[in-house]
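1. Provided below are the primary sequence and the corresponding predicted coordinates.
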2 protein chains.
Amino acid sequence: MRSRIYLDHAATSWPKPESVYRAMDDYARESGAPAGRGSYREAIEVERTIDQTRQAIAQLIEADDPRQILFTYSGTDSLTLAIRGLVKPGDHVITTVCDHNSVLRPLHYLEQQQDVAVTRIGADAEGRILPEDLADSILPNTSLIAMVHASNVTGALQPAAKVGEIARERGIPFLLDAAQTLGHLPVSVRDFQCDMLAAPGHKGLLGPTGTGILYLSEEMSKRLMPVRMGGTGSQSERDQQPETLPDKFESGNLNVPGIVGLHAGLRYIQERGIEEIAEHEGTLTQQLRQGLADLQSIQLYGGDGPSVGVLSLNVQSQEPQETAVLLDQIGSIQARAGFHCAPMMHDSLNTRQLGGTLRLSVGPFNTAQQIQTTLQVLQQIADL
Amino acid sequence: MRSRIYLDHAATSWPKPESVYRAMDDYARESGAPAGRGSYREAIEVERTIDQTRQAIAQLIEADDPRQILFTYSGTDSLTLAIRGLVKPGDHVITTVCDHNSVLRPLHYLEQQQDVAVTRIGADAEGRILPEDLADSILPNTSLIAMVHASNVTGALQPAAKVGEIARERGIPFLLDAAQTLGHLPVSVRDFQCDMLAAPGHKGLLGPTGTGILYLSEEMSKRLMPVRMGGTGSQSERDQQPETLPDKFESGNLNVPGIVGLHAGLRYIQERGIEEIAEHEGTLTQQLRQGLADLQSIQLYGGDGPSVGVLSLNVQSQEPQETAVLLDQIGSIQARAGFHCAPMMHDSLNTRQLGGTLRLSVGPFNTAQQIQTTLQVLQQIADL
């Protein structure tokens, strides 16, 4: 097996902790039981693991009650539930140009088809909004503020605490898309005063794809309509969706091997400590950012403000797709090229013409040596 | 590890073929790449596996084009997309009392909240509908016929080909829920003339939970609105959902380890042959059914008509939950007790009062010896 330098953590985490692989394989071979639907020993054991996973997430994000944590298919699935479960025809929704298509596309649809008005707050050259712009755009019928916590293009952290404060003051539900932050740095629904928080399970949380989570405040869990309805293993004698949590929102079989892997990922994060992970990734990002600033012919986007370990660049006027292929060919360095499903960001960065950016994103197992090699290979590509 | 007699295949398949475990673990450790979003070698390889999985499913169900196969979170997720993507306020929908809550609950919601009328066709004592009842219930505004292919309580096969013929003649979209049949016996969208077919990936198809599939005819793929919208890795420069297949309906990261496992499950089915699996499971079901008929004090539901390897029983007036616990304690036999998320069936079977039924369901790795042991333990429980 070749030695990969994996710098695509903004897409998904790899490698996972060894315990994640083992837990998933052990579950598949030895248990295989589905969630919430059996009375035999393995089924009861699975139920316990799922409960523990809910507890671990609740603890990580400082939620009051594990039942406020829902398991979904993906971050996108969580956002669909949050947005389509809440927004009604005639409503006004605020989002930002920094947001991902997982927020922008459902809102575009609601705007076109369901008489929903959408305001998209602009960003500065680093890819960061101003909270006052957001406050100024609130209307009497604003029913939701949906904002990404950190840009998946530049890594810029948005002023989430300030936005949460504004939302709470004005009584507007605040949905935070923590796809690029949860598991990478401390994220607290209490500190950010958010009513809903969506994230995939396979990025910072180190689980596999096919997992997502949604936190709902008590009020939101009552107000939201489920999108997916069906069997819940509870109240099965009735053909009505149950109102109890989490069943109201968890119809159909859960991705149990995925949740078992996520459980192991969360334990790894608990043991290593979220602060330690944030510091490790912050140091590597700093090394990468400084190294890139020193390189000739590299255009680095974003700036020195608060950010996560995600950054975008272009090598002269080379198409980012070509740079990505060269990185893989020369150094087995795995990065991502294109628009990163965040189309509006590229107007802020002026990168639409070139086909987007080359994105590098670090994770908990990257090393200073890998960053050094990456900088050398990028220099080599720039010199070609 | 204790020796389990697993007879809960109607809930999920276990064990999986060894190749499923290996493929999932190899992917997790050595690749880890997400679908459709990368230009490095592992990402391209993943894309190929996903394409092959689509092809294998298309071949299995005799669909014209692999792009008509969508990957979803679960059978329930597939049904949500089919039902909510198609049905509009003011429509009339036909389903049956044999259907699962994954069909009944979304329809109940549409009935209560969106001015949709729903007709539920009754079943005979075996749990089978009459096609003429269904034909008689068609109204000018009927926009969907949604029917389970085989009851997950009695295993009774519904007259799918006849219903498909009626639906095609009357120009009404026909959605078949193949949760209990796909991978267990030949299922052809051509023979059944169905416009949509939904199934989980983890039952007969031998993949893991967290996977589902939906087949859409060309017309349905145009008419259906996606429920989940977001990043597709395609047309990422636009904040509008793409219209191309399968991207229109596959927003967010797919469950790649799940699809990799599903791919291995499908290869197992191809190699062993669907007819051979159907015959194996049919023989075991016959053995079980005959053995139960000979036992004192066992009430067996359903009848001798065409069925899959799923059957329901009760031991005298014992609550089925108690029977399930005893089966596990005495013989490590894993069955399912309760309503099986099919509430209306229990009025047809008159099993509501007792708390439903005890369900036994066979799979491709069960043996005649296991069935023999199960019959002995059931006799023992009846004699307690």
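-> Thanks, I have it.
2. contacts, neighbours, all on C-alpha from now
-> Will do.
3. and A:Glu281, what does it touch?
-> A:Glu281 makes contacts with A:His184, A:Val308, A:Gly309, A:Val362, A:Gly363, A:Pro364, as judged by Cα atoms under 8 Å, 6 or more residues apart in numbering or on different chains.
4. tabulate the residues you listed (a markdown table), appending distance to chain B.
-> What follows is the contacts of A:Glu281, written out as a markdown table (distance: Cα to the nearest Cα, whole Å):
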| residue | distance to chain B |
| --- | --- |
| A:His184 | 19 |
| A:Val308 | 21 |
| A:Gly309 | 19 |
| A:Val362 | 15 |
| A:Gly363 | 14 |
| A:Pro364 | 15 |
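5. between those residues, which sits nearest A:Glu111?
-> Nearest to A:Glu111 out of the contacts of A:Glu281 is A:Val308 (Cα to Cα; 31.0 Å).
6. need the pLDDT of that closest one.
-> At A:Val308, the model reports a pLDDT of 97.
7. ok, it - how many residues close by?
-> Neighbourhood size, A:Val308 [other Cα atoms under 10 Å in any protein chain shown]: 25.
8. what sits against it?
-> With contact taken as Cα under 8 Å, 6+ apart, A:Val308 is in contact with A:Ala150, A:Gly155, A:Ala156, A:Leu157, A:Gln180, A:Thr181, A:His184, A:Glu281, A:Gly282, A:Thr285.
9. where along the stretch 201-350 of chain A do the strands fall?
-> For the stretch 201-350 of chain A, strands defined by DSSP state E, counting those that start in this stretch occupy the ranges A:212-216, A:298-300, A:310-315, A:333-334, A:336-338.
10. what residue ranges in chain A score low on pLDDT?
-> Applying pLDDT under 70 to chain A flags residues A:1-2, A:37.
11. break it down into its structural domains.
-> According to the TED database, chain A comprises the domains A:5-15+A:273-383, A:18-272.
12. winner for burial among those?
-> Most buried of these, by mean neighbour count (mean count of other Cα atoms under 10 Å in any protein chain shown): domain A:18-272, with a mean of 22.
13. what parts of the stretch 151-300 of chain A come near chain B?
-> A:208-211, A:227-233, A:236-241, A:251-258 (Cα under 8 Å from any Cα of the partner chain).
14. of those, which belong to helices?
-> Members of those lying in helices (criterion: DSSP state H): A:Val256, A:Pro257, A:Gly258.
15. hmm, the last one is touching A:Met24, no?
-> Yes: look at A:Gly258 against A:Met24 with Cα atoms under 8 Å: they come within range, at 7.3 Å.
16. how much space separates the closest residue to A:Ala117 other than its chain neighbours from A:Phe249?
-> Distances taken as Cα to Cα, 6 or more residues apart in numbering or on different chains place A:His92 nearest to A:Ala117, at 4.6 Å, with adjacent residues excluded. According to Cα to Cα, to the nearest Å, A:His92 and A:Phe249 sit 24 Å apart.
17. before we move on, what about A:Asp191?
-> Distance from A:Asp191 to A:Phe249, counting by Cα to Cα: 25 Å.
18. any idea which element the nearest residue to A:Gln318 once chain neighbours are set aside lies in?
-> Nearest residue to A:Gln318, sequence neighbours excluded (Cα to Cα, 6+ apart): A:Leu354, at 7.8 Å. Using DSSP states H and E, A:Leu354 sits in no helix or strand.
19. same deal with A:Ala199?
-> A:Ala199 belongs to strand A:196-200, assigned by DSSP H and E.
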